[in-house]
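**Q** Sequence and predicted model, in that order:
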Amino acid sequence: MWSELLAGCPRVRLAAGDTLDVPAGTKLLILESGLVVSTYMPRRRRFVAAIAGEGDVLPPPSDGIVLEALRPSLVRFVDAEMCATLLCDPAAGDEIVDGLLAAVLEREESLSHFGEIVHRDRVLSKLVQLARKFGRVTPEGVRLDLPLTHQLLADSVAAARETVSIALGELQRIGAVERIGRVYVLKRSQLDL
C-alpha cells in the first residue's frame, strides 16, 4: 500500500555529485534508492548533518542545507496533501513516523560524536555509526561500501581532512580499521556493533 500511495508522488533521478532541487511545497522526501548526504555550510565550512540511504525519510532541507547524491539516487517528493493521505493510512503513517524518528536519532548520535575530544575516537564513532546503518558483515569485520573520502569523514566529524587522515592511520595501526582500496572494514574484535 505504501508504495502504491507513493507512486503518485513526483520523483527525480540524481547522478553522483548532483544536488537536489526541492520543489516548493514539499513536505517530505523519501529516498527510494542511492545515497544522499545532507550538508550545511556555515561560514564556508561544510558540515555533514546526515548520510541517508535507501528507504530513509527526510524533511525538506532548510536554508543553508544542501542534499547531494553520493551515488546515483532516486528521490520522491511528498507534498502536504499526499503527506496527509499517507498519515491517514496506518501502515504508511507508521513508516513516516518511524523514518523521521530514525533521522532525528541519527542526527543526535552524530552530534554526540563531538563530545569525543580525541579525533581518532570521533572518526571511529562515525565509522561505527555508518557501519550500523550501511555495513555488511563479513568474516573480516563490517565492510562499509560507501564512497567515504577523508574529506567527507572530516566534514562529518568537524575536523580537518589532514586530522582525519592521521586518525585513520592510527585506527589502522591499532587494528580497529582496515582500508581495502576505497572500502573500510571495521574489525569486529575491536567494535561493539
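**A** On my side now, so go ahead.

**Q** Residue 46 versus residue 187, what's the distance?
**A** 29 Å (CB to CB, to the nearest Å). C-beta here means a position set from N, CA and C on the backbone, and glycine is covered the same way.

**Q** swap in residue 93?
**A** 34 Å.

**Q** for residue 86, same thing?
**A** Counting by CB to CB, the gap from residue 86 to residue 46 is 32 Å.

**Q** Residue 153 falls within a strand, correct?
**A** No: counting by DSSP: H, G, I helix; E, B strand; the rest coil, residue 153 falls outside a strand, being helix.

**Q** quick one, what contacts the residue nearest to it when sequence neighbours are not counted?
**A** Nearest residue to residue 153, sequence neighbours excluded (CB to CB, 6 or more residues apart in numbering): residue 164, at 4.8 Å. For residue 164, the contacting residues are 119, 123, 150-151, 153-154, 157, by CB atoms under 8 Å, 6 or more residues apart in numbering.

**Q** what about 6 Å?
**A** The neighbours of residue 164, taking CB atoms under 6 Å, 6 or more residues apart in numbering as the test, are 123, 150, 153-154.

**Q** So which bits of the lengthiest helix in the chain are buried?
**A** The residue-count maximum for a helix in the chain (DSSP state H) belongs to helix 90-112. By neighbour count with 16 or more other CB atoms under 10 Å, helix 90-112 contains the buried residues 92, 95-96, 99, 103, 106, 110.

**Q** who does the following helix or strand past it touch, helix- and strand-wise?
**A** Counting by DSSP states H and E, the next helix or strand C-terminal to helix 90-112 is helix 119-134. Helix 119-134 is packed against strand 141-144, helix 150-157, helix 161-173, with contacts defined by 3 or more CB pairs under 6 Å, 6 or more residues apart in numbering; DSSP states H and E.

**Q** pLDDT (mean, whole number) over the longest one?
**A** What helix 161-173 shows for mean pLDDT is 95.

**Q** care to break the protein down by domain?
**A** Here the domain assignment for the chain is 2-113, 118-186, based on automatic domain parsing.

**Q** winner for burial among those domains?
**A** Most buried of those, by mean neighbour count (mean count of other CB atoms under 10 Å): domain 118-186, with a mean of 17.

**Q** Distance from that one to the middle of the chain?
**A** Remark: domain 118-186 is offset 14 Å from the chain centroid, using CA atoms, centre = their mean, to the nearest Å.

**Q** The spatially most central residue of the chain sits in which helix or strand?
**A** In the chain, the residue lying closest to the centroid (CA atoms, centre = their mean) is residue 51, at 1.2 Å. Here residue 51, judged by DSSP H and E, is contained in strand 47-53.
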